[in-house]
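Student: Here is a sequence together with a model predicted from it:
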Amino acid sequence: MGIIAKLASQTAIYGLSSIFGRFLNYLLVPLYTYYFSAEEYGVVSEFYAYAGFFSVLLLFGFDTGYFRFRDKAHIGRDQTYSTALWFVLFMNAVFFGLIAGINPWLSGLLNYSGHPEYVLCFSLILVLDAVASIPFARLRAENKAFRFAAVKITEILITVGLSLLFIKFCPKWLAEKQFMWLAGVYNPKIGVGYIFIANLIASICKFIMLAPELTGMRWGFNLPLFGAMLRYSLPMVVIGFAGIINEMLDRVLLKQLLPYDLPTNMKMLGIYGACYKLSILMSLFIQAFRFAAEPFFFSYAGKTDARIIYAKVLRYFVVFCVFIFLLVTLYIDVFKYFVGPEFRTGLAVVPILLFANLFLGIYVNLSIWYKLTDRTLMGALVSSGAAILTVVLNVWWIPVYGYMGSAWAHLIGYAGMAAISYSLGQIYYPVKYDVIRILAYIELGLGIYAAHLHLQKIASWPMGVLPGLLLLLYVLLAILFEMKSLRKFA
């Protein structure tokens with residue numbers, strides 16, 4: 001149980017930084033959705049969907065490959081790190097050169113011929129973030145969670161500060177004829193482009209802050225090691241790419257498949273993208289858990305009780321995820337104010353997306369079977385199958401059900417991926433997960449959510465009382481069910 005407590009503490013450190021940082025970033029959602037129309041915000045949603053795909057492709061799975069090979073005795077951690085860093089840096093330099101060369105054609109293809117700077121700016125953000133991922137992986141592997149958190153939070157503070165400056169204060173000051181020198185450097189016609197500019201400046205600052213870790217390139221490039229890392233890591237690209245298809249493709253397809261004109265489609269995309277942000281608490285926890293769990297799973301794999309620990313980790317993970325699901329859905333009347341009034345017509349997707357992310361988190365836990373047994377190619381096949389299912393469902397349902405179809409496709413894709421991964425894991429790396437209790441927690445969460453909807457209709461409740469009572473009920477039942485395990489912490 002001490003091991004689980006250590007994992008929980010690491011998750012908490014990453015989580016606090018992610019929650020604090022993402023909370024600040026989360027505050028940008030009201031800024032964007034109150035200052036820009038749904039159609040304009042659709043541009044932002046579309047580009048960040050593309051970013052999800054390329055963030056996986058440009059990293060080539062070498063962050064996970066670094067974790068796998070860094071403790072090989074005959075190689076050495078330093079050379080593993082420098083080999084990964086050199087490769088990712090080189091490939092991203094090639095990518096940026098290519099995008100710069102074809103930018104006029106590509107911008108026209110994406111219907112942004114009037115704003116080619118969007119594509120160029122965003123490609124540079126992608127390159128800086130991809131290269132920075134390797135130093136971040138090293139910080140995670142060395143348990144330098146506080147430095148990791150400091151860099152991440154600083155980046156987000158810069159993004160938030162510049163976004164407020166460009167979107168809120170500069171137009172206000174110019175309208176009031178204050179700081180008139182801004183008229184020479186600030187152009188209101190750039191509009192949502194200032195979101196990208198703020199992000200780019202923050203990414204540059206992050207890159208500078210990671211300069212001490214970037215000097216690790218001096219340890220050189222090991223060609224035989226590179227070959228082994230490439231064979232292990234490339235399937236991780238397929239896995240990551242498939243995961244991004246599950247997570248992001250809906251925002252790309254909505255623009256193309258919704259049965260309206262382009263402005264209306266972009267408006268629907270903006271509504272869906274904004275409401276998707278309301279599932280941020282679940283995403284935050286999963287991200288924090290992933291940061292802590294991935295190096296933990298690799299480092300603890302050789303212990304005799306490893307599989308017992310992995311089973312307990314998943315159970316506690318689900319307990320907390322169901323709590324987050326209930327927190328957001330029961331208090332949706334509070335969370336809805338984080339988006340502008342125009343965007344609240346899409347709130348029905350929030351419970352579906354929260355549950356989809358819960359299954360994503362379960363899959364993150366279950367994925368140890370192919371990572372620890374070096375069967376990353378099989379893991380890629382699982383993710384690819386789920387991605388194909390998601391694509392088919394989106395193409396089928398978006399023209400009929402709109403963005404609600406995307407939300408359900410999202411959920412079914414992640415649930416299918418978790419189910420298949422569990423089945424294969426029991427063959428290649430059997431872990432005795434407490435499936436019955438895990439499903440019981442999920443059903444309990446759904447039951448409480450359904451009770452909330454019913455009780456709201458049959459009686460009038462003071463503000464916040466009913467959600468508070470139901471959330472307390474879940475916590476007490478979870479403590480009761482886990483009493484035996486919790487006593488071991490004492």
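Tutor: Structure's in. What do you need?

Student: what about Tyr310, which helix or strand?
Tutor: Taking DSSP states H and E as the definition, one finds Tyr310 inside helix 306-330.

Student: Show the subsequent helix or strand relative to that helix.
Tutor: helix 332-335.

Student: Quick check: which helices or strands does the helix or strand following that following helix pack against?
Tutor: Sequence order places helix 349-366 as the next helix or strand after helix 332-335, per DSSP H and E. The helices and strands touching helix 349-366, judged by 3 or more CB pairs under 8 Å, 6 or more residues apart in numbering; DSSP states H and E, are helix 223-257, helix 262-276, helix 280-300, helix 306-330, helix 403-428, helix 435-458. Using the backbone N, CA and C atoms, a C-beta is placed for each residue, glycine as well.

Student: now do 7 Å
Tutor: Other elements packing on helix 349-366 under the criterion 3 or more CB pairs under 7 Å, 6 or more residues apart in numbering; DSSP states H and E are helix 262-276, helix 280-300, helix 306-330, helix 403-428.

Student: Quick one: closest of these to Arg437.
Tutor: Arg437 sits nearest to helix 306-330 of all those, at 6.3 Å, using CB to CB.

Student: Would you mind listing the buried residues in that closest one?
Tutor: Buried residues in helix 306-330, defined by neighbour count with 16 or more other CB atoms under 10 Å: 306-307, 309-315, 317-330.

Student: what's the average pLDDT for it?
Tutor: For helix 306-330, mean pLDDT is 91.

Student: what helix or strand does the residue of the chain most remote from its centre sit in?
Tutor: Most distant residue from the mean C-alpha position of the chain: Lys177, 40.9 Å away (CA atoms, centre = their mean). Using DSSP H and E, Lys177 sits within no helix or strand.

Student: what's the pLDDT at it?
Tutor: For Lys177, the predicted pLDDT is 76.

Student: gap between stretch 245-253 and the chain center?
Tutor: 13 Å (CA atoms, centre = their mean, to the nearest Å).

Student: Ok, stretch 257-271 next?
Tutor: The answer for stretch 257-271 is 24 Å, by CA atoms, centre = their mean.

Student: Give the buried residues for it.
Tutor: Buried-residue list, stretch 257-271, by 16+ other CB under 10 Å: Leu257, Leu258, Asn265, Met266, Lys267, Met268, Leu269, Gly270, Ile271.

Student: what does stretch 193-204 give?
Tutor: Within stretch 193-204, the residues scored as buried using 16+ other CB under 10 Å are Gly193, Tyr194, Ile195, Phe196, Ile197, Ala198, Asn199, Leu200, Ile201, Ala202, Ser203.

Student: Go ahead and report the secondary structure state at the fifth one.
Tutor: Ile197 falls in the helix class when you classify it by DSSP: H, G, I helix; E, B strand; the rest coil.

Student: Could you measure from it over to Leu165?
Tutor: Per CB to CB, to the nearest Å, Ile197 is found 10 Å from Leu165.

Student: Repeat that for Gly191.
Tutor: 15 Å.

Student: hmm, who's touching stretch 44-63?
Tutor: 32, 84, 87-88, 91-92, 95, 118, 122, 126-127, 129-130, 133-134, 137, 192, 195, 229, 233-234, 236-237, 240-241, 244, 247-248, 251-252, 255, 269-270, 273 (CB atoms under 7 Å, 6 or more residues apart in numbering).

Student: Buried by neighbour count, from the residues you listed: which ones?
Tutor: 32, 84, 87-88, 91-92, 95, 118, 122, 126-127, 129-130, 133-134, 137, 192, 195, 229, 233-234, 236-237, 240-241, 244, 247-248, 251-252, 255, 269-270, 273.

Student: now the helices for the stretch 51-200 of the chain?
Tutor: Along the stretch 51-200 of the chain, counting by DSSP state H, counting those that start in this stretch, helices occupy 62-69, 77-109, 116-141, 145-163, 170-175, 193-209.

Student: Would you mind saying which of those helices lies nearest Ile448?
Tutor: Here helix 145-163 is closest among these (CB to CB), at 32.9 Å.
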